[in-house]
Each structure stands twice: as structure tokens, then as C-alpha cells.
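Q: build the 3D model from these lines:
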Amino acid sequence: MPKIIINNQEIDFEEGMTVLQACEIAGAEIPRFCYHERLSIAGNCRMCLVELEKSAKPIASCAMPATEGMNIKTNTKLVDKARKGVMEFLLTNHPLDCPVCDQGGECDLQDQSMFYGFDKSRYLENKREVKEKYMGPLIKTQMTRCIHCTRCIRFASEVAGVTELGAIGRGENMEITTYLEKSMTSEMSANVIDLCPVGALTSKPYAFEARPWELKKTESIDVMDAVGSNIRVDTLGWEVKRILPRINENINEEWISDKTRYACDGLSKQRLDSPLIKENGKFKKISWEKAIDTINAKLKLFDPKEIAGVTGDLNDLEMIFAFKKFFNNCLDSNNLECRNTKTYINPTDKINYIFNSSINGIEESDLIILIGSNPRVEATIVNSRIRKAYLNNKTEIYTIGDPGNLTYPYKSIGSDTTVLRELVLGNTSLSNKIKKAKKPMIIIGESALNSKSGEYIFESVKKFLHENNFINKNWNALNVLTQQASRVGAITLGVYSINNNNNFIFFDKLENNEFKFLYLLGADEIKFKKNDNMFVVYQGSHGDKGANAADLILPGAAYTEKNGSFMNLEGRLQKTYRASYPPGEAKEDWKILKEISVKMKKNIGFENEKELTRNLYEEFGLSQVIDELPQYNEKNIKINEVSFFDNKILINDFDYYHSNPIARSSKTMNECKQAFLKNNIKNGK
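A: Purely as a prediction, here's the structure:
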């Protein structure tokens, strides 16, 4: 490896590194504003100046390639003077409004000016003033503070894939602005707030809400989609004030979607905080004792075959496991389902319902085929990884079904299952491309599995990949893009009703009114026709669709208000931690189920939260696999033979901003949806 001398210390570095990266290996701290590890190099701010032997002037370490034999100094008087000069220059036009700036307390400019800057300014002219820009309902601008680092521009064009930010003017007249001052349309737009090293771009919904040192910070996992983005939940008292990303290189890197970040205000809206019973078409507040007595009395009226339960999209593993134990041990029933619609699943092996190539593995792929999926709205972080693969590897992307406007070029090869049949039979040029590829990926979306040809689509693709040895120890090209945070975990725990002949036996019974008692555990998306003989119990956190259909409501806890575990779409197990607590008389869900079982004088199988988690982990062998990808034996893979079904693969409309009860309760998500609709009207869509 080549060597470089930094502060009289000789170190090895990799070819292609910059001087700044080499300095970081040596442990030398280099200040910077424009440089970011995940963005292209701009060299705008000049804060990263270092001294190079035999160079008349300091060099910008972020833009200078490291070469063999360089002798770099990072702590000389020349470097100190240069950095002080740069900092003084950056602050010439910066307003002195730290006390009212939302970036205060976590501002790079504030921190670095304290360490590297002067304690006074020689600038006596009037400071410039820049007009504020409209960037939508999420981003508040104070462009007079902008130091033109261009991080936001580079993020929008490189990572988000939406070229909506740019610079106009030159020198002192330069301004960062949006195209025709319209709202940013990227689902990742608010990441520019984290990237901004000054207070030019701040969070509009969070404006003047709290200071960073006032907030309690809790590490957790996002549940707005199935990606399992790592987040930090910041709370002030009971209320969740904001959600920020945590770095996880295997999943979300350091980005999160706008819904992940801003749907949190829905946690305090439309909350269920006391038990309710429907009398004469209206809900009436009752005590917990009466609510549990009512459930106990109703359950005695029905046969176990007439009792059914549905788990929701935001439920953690502990919640689902307790629900299953309640049905099995207390009700002697196994009429359980985790799906909202007739979505085909094959639960015989975990590889049949997870994203096997892994999110990180997308970057290694040299060919990607999307079947009935729009990852931009269904799994925004996965979409950003596909874009990254396209940019870095020139990965070709094909689609079956029309996903609409993605953030990378793709070629649509049709929307019929006949196209897929020709593909898996090896009769097309794309079939040969797949066979020649080193690491191809086929991503099957829920829209494909929801169609009448769902079984054929999945099983034929699996058979094709297996026959061509693309399901092996080193690479598994079979991927299912799940949309719900709880789905993979629920299938793993066996919360589904299928038999050899019917994948949708639960839904058939529901349509035929065979169930007289329906227990909805946070299940708001399932559609059913309620008859007069059916009694519906809804247990959940929000007064949403499920609560409106219920006869009895039990207030539960949201995902930020309890400890729990989730399996993301890769089957990776992750833990969430309590950041807040349920409002009013609401309780954690396992406690409610435990109290009902005690009233029924039945043994649910656990006494407390600790025992519940231990039983869950032991029964399903989860103790050793936290934050790891699941293992599989390619020799045990079974292939199901299915007959061809001719059908169109249509991608279902996905209401990105209203996809779950928390998002629907969020004022910010409603504003985003209005801005989205307004932009579409302007564009004639």
C-alpha cells in the first residue's frame, strides 16, 4: 500500500483516497463544511486547508488526491492562520441570530467558529440579505445564513435523484433556490436539514418547539415502512418532538424518508386514551373493568371457530406473539391473519417472503428487475440504494408493470404475465441477460402478489432463479418487497390462515360471514363487510378505520411508547425502546391481553414483559440473530409447480402520505399530501 506522512507519522492509505481521508486515518481532525462522505467533492468552503511540504500555499485536503510520499502538516501556524481567515470570511455575511436559530446547539458553524475562528470581526460593511425560498411544508429557509457549501444541491441530485435545487448568481450574489420556487417532490427531501452545516435549512414543523439539550433521546426503529430504518426519537415530556436518522450502513446509511421523519406529530393526534363502547351508534367512555367484562361475556357466546383475529401493520413481535398465545391458549382458536388483502404468501421457508439479496446487497447487483413494484413510495430507502447502484455500477433496471416516475432510468418490458412467462421460459433477450449476470436481482412487489396471478408470479420466478443457480450460498436473487413493518415478523410467528388448497381461507370465511367475533389488533387497513351478528373489538393507539368499525375499543400504545422487536423486510431482527408512554388510560398491548386472560381464568403463557420477550425469543430461536441477516440452506429449497395464469400486473395506487393510522393523523403528512396534489395539478397530472 502507498504511504503518506501526516504530522511526522507515516501511514498506509488506499489508492483513490483524498488527503482529508488519509488525515482521518492518522487521527488528525480536519474541519469541513462542504465535504461529506456520501456526496461528490465540491471544494467550496476551504475550511479543510492543510500544509503540504514544498507547496507555497495551503491546500484544500478534501479535493487533493493523496499520493505516495506526501508530507502533510495539519496543526502548524500557517494552517491555523488560514483556517481563521476562512472562518472570518464565512462569517462576514452570517447574521448574529444564534439565540433564535433552530440549529443552535447542534450547528457545525457555531462549533467550528468557537474552535477555529476569531473572537471578533474586522468586517464593517453592511451584511447582505437574501430573500427566503419556498421549499414546501417541511423545510424552513433562512438563506441569509447560507454559506454556499452546496451540500443540499448535491444531495438532491445525487442521492434523492430529483434535481430541484440549484445555485443562481455568482460571488456575493449567489443564492440556493428551488426550480420556480415550488415544493420539493422528493420523498427524502428533509435530509438536507441534517446536511446543512448552518441554520439556512431547518425543520419547519419543528420550528421553535424545543432546544436539543432539553430533549430526551432514545434510539429506536422506524415502522412507517418495512425497511426498518434506524432512528433517534427525541421527546419533551410525553410528546415526541422530532425523529432523526441514526447511521446503519446495512440499512438506511444516514438517511430517512420524509414520512419516517415527520409523521411523528400524528402520535399525539386522534389518540385513544380510554376504553369505549358503541351504544346506539355512538361511542361511550367506560372503565377498563367493564370493557374486559364485556369481552369475557361476548367470548362465552361464540364457538372458537367463530372467533378470529387480525394483526396490524405497525405491531411489534411481542405484541403479535402475545396475541397468538391469547388466541391459542385462551380461546382455543387459530383463526389469525396478518394480511389485509388476498396477498399470496408461501410461508414454508423464510426466503419466500423476505428481501434475500439484502438492502446493502443492492449496490453489488448488476441487473435489477422490478415486478409489480414502485419502490420509490413503497420503500424509499430501497429506492435510493437502487439509484446508488445505477450511478456507481451503471446497473440496468427493468420493470414488469408501470411504476411511474422513479429516480433512475428503467426499461418497461410490459405489464402482462405472458411477458413474465416468456422470461422464465428463457425465450427473451432479458432471460439471457439474467443468466449472464453475476448478481441479478428480481424484486417482487405486493401489487404482483395481490393479483390473481400472484402464486404463478412468485413460484415461477423462484423456479427460474433456482434452476439457474441464483439462489445459492453467496447470492440469493429472489426478493419480496414488503410494505408493512410487521409483516415479515408476523409470518415468521405463524400468524396466517392457509391450507394446501387455499391461500386465502381466512378472507373467504370473512366474506362468508363465518366469523361472529372479530378482534382487530391495530388492524386498520383490512376491509370487511360487518353484519349485525358480528361483534368487533379494536385494540390500538389511534381512532382510525379499525376503531370506527368496532363495537368495543381498547386503547393501546404506539411504537414509541413501549419496548419491542421488529423484523424488517430482510428478516433482520431489530429492537425498539420506550421513548414515551401511552396517554390517559391507554396500556401496553400485552398487558391488555394478559388482563383479559386473567378474567377468563386462562393461562396465556407469560406473567410479565420480560417473560414474554424470553418466551418469544426461545420459541422462535431469535436470541442469537439480533441485527443479523437470516441464514438459509439452499439444499432444502422446495419448488412448487403452478399452472400459468394470464393476467395484467398493475401496480396498485399507494397513498404514501396516508399509509397508516399515525401518518393519517399527522398534520404535516396532510400538508405534504396537499403540496403533492398541488404540484401534480400544476404539472397537468
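
Q: quick one: buried residues of stretch 271-289?
A: 271-272, 274-277, 283, 286 (16 or more other Cβ atoms under 10 Å). Yep, even glycine has a C-beta here, placed from its N, CA and C like the rest.

Q: and which of the residues you listed is nearest to Gly237?
A: Nearest to Gly237 among the buried residues of stretch 271-289: Arg271, at 14.8 Å, using Cβ to Cβ.

Q: so where does the residue nearest to the closest one when sequence neighbours are not counted fall, helix or strand?
A: Once flanking residues are discounted, Arg271 sits nearest to Pro583: 5.3 Å by Cβ to Cβ, 6 or more residues apart in numbering. Assigned by DSSP states H and E, Pro583 falls within no helix or strand.

Q: likewise Ala82?
A: Element membership for Ala82 (DSSP H and E) is helix 77-90.

Q: can you name the next helix or strand after that helix?
A: Per DSSP H and E, the first helix or strand lying C-terminal to helix 77-90 is helix 108-116.

Q: got the contact list for that following helix?
A: 31, 33, 47, 80, 83-84, 87, 90-91, 94, 98, 103-104, 147, 197-199 (Cβ atoms under 8 Å, 6 or more residues apart in numbering).

Q: and that helix with helix 77-90, angle?
A: Between helix 108-116 and helix 77-90, the angle comes out at 140 degrees (axes from the mean of the first three to the mean of the last three Cα atoms, to 10 degrees).

Q: quick one, phi psi at Lys290?
A: In this entry, Lys290 is assigned phi and psi values of phi -70, psi -40 (degrees, to the nearest 10).

Q: isn't it right up against Pro275?
A: Yes. Counting by Cβ atoms under 8 Å, Lys290 does reach Pro275; the two are 7.4 Å apart.

Q: on that earlier part again, out of the buried residues of stretch 271-289, which are inside strands?
A: 276-277, 283 (DSSP state E).

Q: tell me the one among those nearest to Lys638.
A: For these, the nearest to Lys638 is Leu276 (47.0 Å; Cβ to Cβ).

Q: so who does the closest one touch?
A: By Cβ under 8 Å, 6+ apart, the contact set of Leu276 is 283-286, 552-553.

Q: buried ones in the helix holding Ala82, by neighbour count?
A: Applying 16+ other Cβ under 10 Å to helix 77-90 flags 79, 82-83, 86-88, 90 as buried.

Q: next, the distance between the ends of stretch 204-222.
A: One end of stretch 204-222 to the other measures 21 Å (Cα to Cα, to the nearest Å).

Q: so what touches it?
A: 102, 104-106, 137-140, 228-236, 241-243, 246, 256, 260, 262, 265, 485, 559-560, 566, 568, 574-579, 667-668.

Q: returning to what we had before: list just the nearest of the buried residues of stretch 271-289 to Glu641.
A: Closest to Glu641, out of all of the buried residues of stretch 271-289 and judged by Cβ to Cβ, is Leu272, at 47.5 Å.

Q: what about the residue lying closest to that closest one once chain neighbours are set aside, how many neighbours?
A: Once flanking residues are discounted, Leu272 sits nearest to Pro555: 3.8 Å by Cβ to Cβ, 6+ apart. Neighbour count of Pro555, defined by other Cβ atoms under 10 Å: 27.

Q: contacting residues for Pro555?
A: 271-275, 539-541, 582-587.

Q: beta-bridge partners for it, please?
A: Gly540 (DSSP bridges).

Q: and it, how close does it get to Asp313?
A: According to Cβ to Cβ, to the nearest Å, Pro555 and Asp313 sit 18 Å apart.

Q: could you do Gly564 as well?
A: The value you get for Gly564 to Asp313, if Cβ to Cβ is used, is 14 Å.

Q: same question for Gly85.
A: Taking Cβ to Cβ, one finds Gly85 at 55 Å from Asp313.

Q: ok, Ser274 next?
A: Distance from Ser274 to Asp313, by Cβ to Cβ: 24 Å.

Q: equivalent analysis for Phe155, please.
A: Noted for Phe155: a distance of 29 Å to Asp313, by Cβ to Cβ.

Q: one more: Arg376?
A: Arg376 is 19 Å from Asp313, where distance means Cβ to Cβ.

Q: now do His148
A: Going from His148 to Asp313 by Cβ to Cβ gives 43 Å.

Q: comparing those two, which residue is more hemmed in?
A: Neighbours per residue (other Cβ under 10 Å) separate His148 from Asp313, with Asp313 holding more: 25 against 18.

Q: surely the more buried one meets Thr482?
A: No. Asp313 is beyond contact range of Thr482, at 10.0 Å (criterion: Cβ under 8 Å).

Q: export the buried residues of stretch 271-289 as a markdown table, with columns for distance to Ile295 and pLDDT.
A: Below are the buried residues of stretch 271-289 laid out as a markdown table (distance: Cβ to Cβ, whole Å; pLDDT from 0 to 100):
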| residue | distance to Ile295 | pLDDT |
| --- | --- | --- |
| Arg271 | 21 | 95 |
| Leu272 | 16 | 95 |
| Ser274 | 16 | 96 |
| Pro275 | 10 | 96 |
| Leu276 | 13 | 96 |
| Ile277 | 10 | 96 |
| Phe283 | 16 | 95 |
| Ile286 | 12 | 96 |
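
Q: count the residues that sit near Leu370.
A: 26.

Q: typed the wrong thing, it's Pro347
A: Pro347 has 14 nearby residues by other Cβ under 10 Å.

Q: need the nearest residue in space to it, chain neighbours excluded.
A: Nearest to Pro347 is Ile491, by Cβ to Cβ, 6+ apart, at 5.2 Å.

Q: show me where the stretch 501-650 of the chain has its strands.
A: 517-521, 535-540, 552-555, 564-567, 573-576 (DSSP state E, counting those that start in this stretch).

Q: can I get these in a markdown table with mean pLDDT and distance to Val495?
A: Shown next, in a markdown table, are those (pLDDT from 0 to 100; distance: least, Cβ to Cβ, whole Å):
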| stretch | mean pLDDT | distance to Val495 |
| --- | --- | --- |
| strand 517-521 | 96 | 10 |
| strand 535-540 | 96 | 15 |
| strand 552-555 | 97 | 19 |
| strand 564-567 | 95 | 12 |
| strand 573-576 | 94 | 16 |
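
Q: could I get those strands in TSV, plus columns for distance to Met114?
A: What follows is the strands of the stretch 501-650 of the chain, written out as TSV (distance: least, Cβ to Cβ, whole Å):
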stretch	distance to Met114
strand 517-521	51
strand 535-540	48
strand 552-555	47
strand 564-567	40
strand 573-576	36
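
Q: tell me which of the ones you listed approaches Arg128 most closely.
A: Nearest of the strands of the stretch 501-650 of the chain to Arg128, taken as Cβ to Cβ: strand 573-576 at 46.0 Å.
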